[in-house]
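**Q** Sequence below, structure please.
(2 chains)
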Amino acid sequence: MKKLWAIVSKDVVTELRTKELFTSMLTFTLLVIVIFSFAFGFSVEIINLAAPAMLWIAFTFAGILGLSRSFALEKEGGAILGILLTPTDRSLIYFGKLISNTIFVFIVGVIMIPMFILFFNFSFAQSLLPLMPIIFLGSLGFVAVGTLFSAIALNTKLREVLLPILTFPIVIPLIVSAVKLSSTILKGESIFSAPSALKLLIAFDIIFITVCAVAFEYVVEE
Amino acid sequence: MLAAMYMAFIYAPTETKMGHIQRIFYFHIGSVWVATIGFIIVFVSSIMHLWKSSRKWDTLAYCSAELGVLFLTITIITGSIWAKPIWGTWWTWDPQLTTTFILWILYIVYLILHSSAGNDAKKSKYAAIFAIIAFIDLPLVYMSVRVMRGISPVVFGPGGGGIAPEMMNALLVSMLAFSLLFLLLLIERLDLMRMSDKLEKLKLSER
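**A** Next up, the predicted model:
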């Protein structure tokens, strides 16, 4: 538990010092919102239909941006070797990275939602809080897959280019169910009125955290 | 293969509603059947590769992924040729089609990853991991597409109920023919990989 905490706090402290991830992810999200609102025109009906999809597209792209840095930083400083040399279980490293990345992506999501509600004129009271658990579950599953793949992509010839190509087709079920749930909430209904999407989202998280934790040991073995 | 052609074009009776276009099914189902086998081989041999970490399983996975993608492409193309006159469109986003499409993309990504990781024994495991994750992902993709679109009716089920016995025979022959073709191509491809491995080794020993 202590070792896990060490990795998480190291990542968080680095981020707090540099702030490079947050700034780039948030700026990127803002840009996506602006581009989308121009692309769709400003008609209310289209925005209502497209907003959940926009939310998640912005979210995934920003997430990929963050994840691609996750192991690149370690590699540049040669820190990955140091981490691997410590006598810990390899899956602990994965969970550490998973937690710190989830924190980053989740916070970006949390900042993103008020912006969306503000810009596209949804109701704060109805949608702000119910969207949080979905953002959390979404970031958890997304990061679970993305962390593993960013470790993989870094060691290939194509490097960061490969990360979105690997991640996007795998997270399709996650995105689809998250979009479905968000659109139910933005319509003003409860999260439980789309039970199959909710179940799917949770199942995705559980399955891929387990599978990726096991697979991670094969990725980093030297 | 020739026998399958004969069975498909001459032996099997013409379907009453759809006419001659229905004959494309013998190839459609034949190739999708083989593609499925190919992807199952990829899955199993990827697991074996992670477990035993031998080059043999890796090449087997890679070659059958290549063939799987090839046959799935044939499936999609023949499917759209059939769908144009029958459904009136080349493509619809129904759960089965969407899942097939994503399956196709997933294995193309697998091939990209495999070639990008290079021949390094350690790095070849990346592709194996991806193959396993992709395989687990597929049922989830199918479910998610159903969630999105609601329950759409299964437009075509290859149920034996409504199919004439001659058609069934033709179908079985074509499935067999495709399986043989797949096996042949797989063996050839494995041979080729083995030879190029040998060549690599010879080049290295010359230096």
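
**Q** what does chain B have sitting close to chain A?
**A** Within chain B, the positions near chain A by CB under 8 Å from any CB of the partner chain are B:50, B:102, B:105-106, B:109, B:112-113, B:116-118, B:122-123, B:125-126, B:128-130, B:132-134, B:136-137, B:140-141, B:143-145, B:147-148. From N, CA and C alone the C-beta is placed, and that goes for glycine too.

**Q** Type out the PyMOL command that picks the buried ones from the residues you listed.
**A** Per 16 or more other CB atoms under 10 Å in any protein chain shown, the buried members of the residues of chain B next to chain A correspond to this PyMOL selection:
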select buried, chain B and resi 50+102+105+106+109+112+113+116+117+123+125+126+128+129+130+132+133+134+137+140+141+143+144+145+147+148
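
**Q** Filter the residues of chain B next to chain A down to the ones in helices?
**A** B:50, B:102, B:105-106, B:109, B:112-113, B:116-117, B:125-126, B:128-130, B:132-134, B:136-137, B:140-141, B:143-145, B:147-148 (DSSP state H).

**Q** Next, the buried residues of the host helix or strand of B:Lys84.
**A** Assessed by DSSP states H and E, B:Lys84 sits inside helix B:55-87. By 16+ other CB under 10 Å, the buried positions in helix B:55-87 come out as B:57-72, B:74-76, B:78-79, B:82-83.

**Q** pLDDT below threshold where in chain B?
**A** B:1-23, B:86, B:118-121, B:148-169, B:207 (pLDDT under 70).

**Q** Would you point out which residue is most central in it?
**A** B:Ala35 (1.8 Å; CA atoms, centre = their mean).

**Q** Give me the distance between it and chain A.
**A** 17 Å (CB to the nearest CB, to the nearest Å).

**Q** just checking, what's the longest helix in the chain?
**A** I went with chain A, as the question did not name one. Every helix in chain A considered (DSSP H), the longest is helix A:44-77.

**Q** please go with chain B instead
**A** Assigned via DSSP H, chain B shows its longest helix as helix B:165-206.

**Q** so B:Ile108 sits right up against B:Gly68, yeah?
**A** No: B:Ile108 sits out of contact with B:Gly68 when judged by CB atoms under 8 Å, with a separation of 10.3 Å.

**Q** Which positions in chain A make contact with chain B?
**A** Counting by CB under 8 Å from any CB, chain A sits next to chain B at A:145, A:148-149, A:152, A:155-158, A:162, A:165-166, A:169-170, A:172-174, A:176-177, A:179-180, A:194, A:196-197, A:200, A:203-204, A:207-208, A:211-212, A:215, A:218-219, A:221-222.

**Q** Which of those residues fall in helices?
**A** A:145, A:148-149, A:152, A:162, A:165-166, A:169-170, A:172-174, A:176-177, A:179-180, A:196-197, A:200, A:203-204, A:207-208, A:211-212, A:215, A:218-219.
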